[in-house]
Structure formats: structure tokens, C-alpha cells
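K.L.:
When you get a sec, could you give me coordinates for this:
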Amino acid sequence: MRSARRPGQRVLGWALFLVWAVSLAGLQGLLARHSADAWMPDAALVLAVVVLARCEVGDLALLALLTAFARAATSGEPPLVLFTGILGALLAALAVRGALELSGPIGRTTATALAAGIFQAWISIARDARAVAGSIDFAAAIGTAVPVAIMSALLAFALGPLLARLPGLTPLWSRTW
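P.N.:
Residues are numbered from 1 along each chain as shown. Below you'll find the model as predicted:
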């Protein structure tokens, strides 16, 4: 059994999660300027799914909020669109967590592909809704979501264990771990 944690450890853990998520979102934005944006993995969302694999279910809203803050720092999308998209994506990953072990490669890859696909489709739908014409092209939204989902799943498969061991994140793990 783990020893009791001090109250400030979880606060520091969440602060460091935000630092890591902003760093990954910034790196993603920097790389997207110099490469094919359609095939760019969503690194901050991959980190959120990795943390979701081991954190308590009650931390889902805070995890979504901090991930949305990280994405808002490097994105032109409205913060509410980012938060609702990330919350929906993490809820889908949580549903996968009920069936598969997210800390394993199959569960982590599946949950990340689903979460990244949902989030990217949501962003595309929100952009279409804000456009002057106002028509929403669901087929195009799914078409833009598939490459991001594939690349994010590959990133989660390859670097998921490394992301789970980033400094400062262990106070976020559930007490049952």
C-alpha cells in the first residue's frame, strides 16, 4: 500500500501536467507549421489519455479543462469548443477504459485513436458551423479526423509508456495503483 500523500502533491502534479501538455501542444504547433498538418498527431490529447489510464475517474473534468487550457494557448479555436471536444473525447476514452486496460498498448492505442478522431471531427464541425455559409460537412469532418486519429494512436503506442513516466505526474495516479 502506498504511503499517504501530502495535499500539495496532487496540486503540483496537476500543475506539472499543464506544463507538459502546453509543451506538447506548442511542439505540435511548431511542427505543424513545417509539415503536413493533416497527419499531425494530437500530442496533448495523447498525454491526457495516458494520464486518464491511471488517474481517478473523478479527475476527468479537471483533466479535460487543463488539456483545453494547453490547447487554447497554441490554438485559434474558441476555448469552449476545445473544452467540450476534449471532454467528449476523454469520455469516449473512459468508455474504452471500462472494457480494455488503458495502460496496456492495445487499450491505450484504441482509446487514443477514438479520442483523437472524435476531437478532430468536433473541431472540423465547429469550424464549419462558424463559417459564413454555415453548412456542416460531416463526411469532410470524418475525413480530416482519420489521419489525426491514426497518427495519435501510433504516438500513443510508441511513446505512451514514456509519457506516463514524465516527471511530476505520479501524484495523479489513482491510489489503487
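
K.L.:
quick one: the residue sitting furthest away from the middle of the chain from residue 126, how far?
P.N.:
In the chain, counting by Cα atoms, centre = their mean, residue 133 sits farthest out from the average C-alpha position, at 30.0 Å. Residue 133 sits 14 Å away from residue 126, going by Cβ to Cβ, to the nearest Å. Where you see a C-beta, it was placed from the backbone N, CA and C, and this is true even at glycine.

K.L.:
can you give me the helices for the chain?
P.N.:
7-33, 43-52, 60-74, 79-97, 105-130, 138-164 (DSSP state H).

K.L.:
With mean pLDDT as extra columns, can I get those helices in a markdown table?
P.N.:
What follows is these, written out as a markdown table (pLDDT from 0 to 100):
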| stretch | mean pLDDT |
| --- | --- |
| helix 7-33 | 90 |
| helix 43-52 | 95 |
| helix 60-74 | 95 |
| helix 79-97 | 95 |
| helix 105-130 | 93 |
| helix 138-164 | 93 |
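
K.L.:
what's near enough to touch the closest residue to residue 164 other than its chain neighbours?
P.N.:
Nearest residue to residue 164, sequence neighbours excluded (Cβ to Cβ, 6 or more residues apart in numbering): residue 50, at 5.1 Å. By Cβ atoms under 8 Å, 6 or more residues apart in numbering, the contact list for residue 50 reads 102, 108, 156, 160, 163, 164.

K.L.:
Could you do residue 32 as well?
P.N.:
residue 40.

K.L.:
number of nearby residues for residue 58?
P.N.:
8 (other Cβ atoms under 10 Å).

K.L.:
That one and residue 174, how far apart?
P.N.:
The value you get for residue 58 to residue 174, if Cβ to Cβ is used, is 10 Å.

K.L.:
try residue 56
P.N.:
Going from residue 56 to residue 174 by Cβ to Cβ gives 5 Å.

K.L.:
same question, residue 76
P.N.:
From residue 76 to residue 174 the distance is 35 Å (Cβ to Cβ).

K.L.:
With residue 86 instead?
P.N.:
20 Å.

K.L.:
Of the helices of the chain, which stretch is the most buried?
P.N.:
helix 43-52 (a mean of 28; mean count of other Cβ atoms under 10 Å).
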